[in-house]
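Asks: Below are the sequence and a predicted model for it; my questions follow.
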Amino acid sequence: MLPNSNYAPTHFRRVCMRTQISIVRNLASEPFPPRMKERDAMRLGAHLASFLCENFGGEDHTRNDAVARMVSSSKGLASKEERAPGYHLILFRKALIASCLREDVWCEVMSANHLTFTLSRDFAEFEPQAEALRLFVDKISQQLAFAYDPKFGYLTTQLSLMGTGLRIRSWVHVPGLVYTQHITALCNAAEQHNVYIELNEDNSVPVGNRVILFNRSAMDGTVCEIARNYANFMKLACLREYDARLKLSRDQPHWMHDLILKAKNITTRLMLSADELCTGLSDLRFASTTGDVYIHPFDITDPFVLDICSDEVFEQATEPMLAKVKDKVSLYKEERQHKIAQLRALWVKKFVKLTLSQNLKRRIEDDPRRDPPSCE
Amino acid sequence: MKCELCQNHKAETVLYRQKEDGAQEELYVCHTCAERERVFGQERGIQIAAMEAPETESPSMPPIPEGMLPKGMEQTMKAAFEELTEKLQEMGLTPEAILPTSELCPNCKMPLEEIRLVGRIGCPQCVKVFEASILALLEEAQGVSQYKGDLPEAFATISNYQKLRDAYNKAIATDDFIQAKALFEEIKAFKHRHADDANFMRFLENEARENGEAGE
């Protein structure tokens, strides 16, 4: 179910879980999708989809439900329910586009913009990947006139994308910075690099200590320059996070020990919510990157590991079993919930086969301090 | 109820019209129509039954929820509002008259207010119609308002040509004729190289036309 990815350097991969690069374009001759009449949107959507398939080797996956579920959960594209009139989902195989591309390109036709090209993977080479995607989009622009203004750049529905139409978004796992309470410092540093960190509305860190980073400006340079600037900040963020992790592991062995056991308990509990599971897995993932815990046979540092906590992926993975539970209408609601929680526990059983490292055990024995650290 | 004569404004008064059979008919009309009929309507048997003065409610400041403003601030604001209303009345204006009206993009009918509120534009035309406002919004959203990114191929050709031509003009102005000759040759080769580019050729034609007009 989870991809085995080896593209990014190990150090980077332990912090940055996934990156999505998108380039957005609109036709010069038509209003943007949100201002189009439904019939016009459907007509244009069908026209653009067939144009891309015929001229650039695209494959239309609009009607494939399994693909729709996959791109929605693992690529961050629109789910079937979120699709606007005229929406089409086109896949361009990487082999047909550019040899340096790490991943196939997905194109959403008639989402918020006429065309949104997306590349999603756990790669670290932002600049070459973004540039390769831009060159592919430029190739299409030789046959389609895109909306462009010398003052504003490429015109997009969202003002935040106007310019190059580029959005680089990364899902970053930052438990080290959260537990050492340095996340605000990271946000301040991000501002200086024109990068934005998405937190909860109350400025708290989302469940699983996973934050989303994205480039704030899309017009302050070429695609390459923006990607380079973003990559520089990502390197800085990863370095700070990794330092914080190792510092916690080195200086707070008791706290680390308690955290791991708590996480293990959370994942073995029967009545488990998606949020609880996510917290547990996040802490285990964190501990595994410091070398304090070994988890077999599952690779918990996999970029998509926290995605499996979502209800959507859980339901996909256990669909036949869930169907049986859901079909039994005679079951009381509470009983059904209990059954689903049991299934979830069975499903995550593989995560709890962990062993504490000898190193951590030894450090706990040597450490005279028994009190937990001040970290929350 | 709408005016029975113009069907546009709110009916504010009543007129009586004498029918052919002698019976009277009531007409509910707006003040504009009533005024017109008062002058010209008598020939048509229209009589004014009542001419109520339009409702001239003295404008008042909208209520402010309790505790929203510090003590004393509400009074200050009320006084300022009354002062402003008086000044406007002296000028023959109402507070509503000076409120900004929402502008629409003629192409997609997107109101500027919505662009400000949602941060989205409706069509390529919007940036031309609301250029100043969108530049300000971009400054807020992206921290910059000047595009420094990649140029589309057509624009890149034109931009490179303009750079060459500027350098040529500069060389001429500084009497550097050797450099000017080299640049002239380069421009010639550049034009030859991009002879297939329709956009570039159109640009050259426009430029030649403009230069011709300037010469005349």
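Replies: Perfect, I can see it now.

Asks: Please count neighbours and contacts with C-alpha atoms only from this point.
Replies: Will do.

Asks: Which residues of chain B lie near chain A?
Replies: Taking C-alpha under 8 Å from any C-alpha of the partner chain as the contact definition, chain B meets chain A at B:108, B:110, B:119-124, B:137-138, B:141-152.

Asks: Out of the residues you listed, which sit inside helices?
Replies: Secondary-structure check on these using DSSP state H: residues within helices are B:137-138, B:141-142.

Asks: I'd like those residues as a markdown table, with pLDDT and neighbour count appended.
Replies: Written out in a markdown table, the entries for those read as follows (pLDDT from 0 to 100; neighbours: other C-alpha atoms under 10 Å in any protein chain shown):
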| residue | pLDDT | neighbour count |
| --- | --- | --- |
| B:137 | 89 | 19 |
| B:138 | 89 | 23 |
| B:141 | 85 | 17 |
| B:142 | 88 | 20 |
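
Asks: Return the member of these nearest to residue B:17.
Replies: Closest approach between those and residue B:17, by C-alpha to C-alpha: residue B:137, at 56.8 Å.

Asks: My guess is that closest one contacts residue B:116. True?
Replies: Yes - contact criterion C-alpha atoms under 8 Å: residue B:137 and residue B:116 qualify, at 7.2 Å.

Asks: Could I get the buried residue list for the helix or strand harbouring residue B:115?
Replies: Per DSSP states H and E: residue B:115 is located in helix B:112-118. Of the residues in helix B:112-118, those scored as buried under the neighbour-count criterion (16 or more other C-alpha atoms under 10 Å in any protein chain shown) are B:112, B:115.

Asks: what comes into contact with it?
Replies: With contact meaning C-alpha atoms under 8 Å, 6 or more residues apart in numbering or on different chains, helix B:112-118 is reached by B:102-105, B:120-121, B:130, B:137.

Asks: C-terminal to that helix, what's the next element?
Replies: Following helix B:112-118 in sequence order, the next helix or strand is helix B:126-129 (DSSP H and E).

Asks: What are the buried residues along that following helix?
Replies: Judged by neighbour count using 16+ other C-alpha under 10 Å, the buried positions of helix B:126-129 are B:126-127, B:129.

Asks: Please apply the same query to stretch A:205-213.
Replies: Of the residues in stretch A:205-213, those scored as buried under the neighbour-count criterion (16+ other C-alpha under 10 Å) are A:205, A:207-213.

Asks: Could you do stretch A:227-243 as well?
Replies: So, applying 16+ other C-alpha under 10 Å, buried residues of stretch A:227-243: A:227-231, A:233-235, A:237-238, A:240-242.

Asks: What is the nearest of these to chain B?
Replies: Among the buried residues of stretch A:227-243, residue A:227 lies closest to chain B (C-alpha to the nearest C-alpha), at 11.9 Å.

Asks: Now name the helix or strand holding that closest one.
Replies: Residue A:227 is located in helix A:223-251, with elements delineated by DSSP H and E.

Asks: where exactly do the strands run in chain B?
Replies: B:13-18, B:24-29, B:46-50 (DSSP state E).

Asks: what ranges of the stretch 1-150 of chain A fall below the confidence cut-off?
Replies: A:1-11 (pLDDT under 70).

Asks: In contact with the closest residue to chain A within chain B: list those residues for me.
Replies: Taking C-alpha to the nearest C-alpha as the measure, the point where chain B comes nearest chain A is residue B:149, at 3.8 Å. Counting by C-alpha under 8 Å, 6+ apart, residue B:149 makes contact with A:153, A:163-164, A:219-223.

Asks: If we check chain B, which of those residues are in contact?
Replies: Taking C-alpha under 8 Å from any C-alpha, the overlap between the contacts of residue B:149 and the neighbourhood of chain B is A:153, A:163-164, A:219-223.

Asks: re earlier: could you dump the buried residues of helix B:126-129 into a markdown table with pLDDT added?
Replies: A markdown table is the format used below for the buried residues of helix B:126-129 (pLDDT from 0 to 100):
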| residue | pLDDT |
| --- | --- |
| B:126 | 92 |
| B:127 | 91 |
| B:129 | 89 |
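
Asks: picking up where we left off before, averaged pLDDT, the helix holding residue A:227. What do you get?
Replies: Taken as a whole, helix A:223-251 has a mean pLDDT of 89.

Asks: Any residues of chain A in contact with chain B? List them.
Replies: Near chain B, the residues belonging to chain A are A:28-32, A:34-35, A:138, A:147-148, A:150-153, A:155-160, A:163-164, A:216-223 when assessed by C-alpha under 8 Å from any C-alpha.

Asks: Of these, which belong to strands?
Replies: If you go by DSSP E, those have A:148, A:153 in strands.

Asks: in the stretch 1-150 of chain A, what residue is nearest chain B?
Replies: Ranked by C-alpha to the nearest C-alpha, the top residue of the stretch 1-150 of chain A for proximity to chain B is residue A:31, at 4.3 Å.
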